[in-house]
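>>> model this:
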Amino acid sequence: RGPRRRQLRASPSRPPCHSTHRTYEMATAATPPPPTASPPRYDMGAKMAFGTIAGAVSKTTVAPLERTRLLLQMAPASSNTSSLEMFRQLLKNESFMGLFGGNGLSIARAGIAKGILFSVQDRIERLLGNASAGGAGAGFVAAAVTYPLDLVRTR
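This next block holds a predicted model:
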């Protein structure tokens with residue numbers, strides 16, 4: 001059989017030797033990959049709250065522009081009032097709080113719609129296995145729930 005070769009692992013205390021009688025192999029310990037930080041999982045209630053807050057903040061931010069646009073649409077066609085002039089008249093006649101007139105219902109509608117979108121989209125996406133279907137399903141549910149508020153707002 002010939003001379004037996006002994007395989008030893010090299011260690012910091014025993015450096016590899018280049019002897020013909022022994023064969024050393026470097027020990028390579030498989031290091032585990034660093035732990036990946038998984039995103040926090042929120043329940044549907046938390047997602048609903050986050051969406052409601054996002055919807056309310058967005059509607060409150062654009063409320064002065066929406067109010068000005070609405071007044072311009074209701075103004076007679078013969079008046080050539082610009083948006084800036086209408087905005088100034090609104091501030092002069094109704095003060096700062098007049099810019100937010102009728103915003104409560106818009107906040108309620110947007111808050112509910114965004115809350116539903118945030119909370120339902122992930123669930124539908126997991127059920128159907130498709131991100132586009134999840135977005136479409138969430139939009140359908142949000143529109144179906146907020147449709148009565150749209151009717152009240154337009155009347």
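>>> Please count neighbours and contacts with C-alpha atoms only from this point.
Noted.
>>> Enumerate every residue touching residue 115.
Taking Cα atoms under 8 Å, 6 or more residues apart in numbering as the criterion, residue 115 is in contact with 47-53, 55.
>>> Compare those residues and tell me which is most surrounded.
Within the contacts of residue 115, neighbour counts (other Cα atoms under 10 Å) peak at residue 52, which reaches 24 neighbours.
>>> Settle this for me: it is touching residue 112, isn't it.
Yes: proximity of residue 52 to residue 112 meets the contact threshold set by Cα atoms under 8 Å, at 5.9 Å.
>>> Please state the offset of the lengthiest helix in the chain from the chain centre?
Longest helix in the chain, counting residues (DSSP state H): helix 44-74. Distance of helix 44-74 from its chain centroid, counting by Cα atoms, centre = their mean, to the nearest Å, is 16 Å.
>>> Next one: residue 129 relative to residue 122, how far apart?
Distance from residue 129 to residue 122, counting by Cα to Cα, to the nearest Å: 10 Å.
>>> more crowded one of these two?
Using other Cα under 10 Å as the criterion, residue 129 and residue 122 rank with residue 122 on top: 19 against 12.
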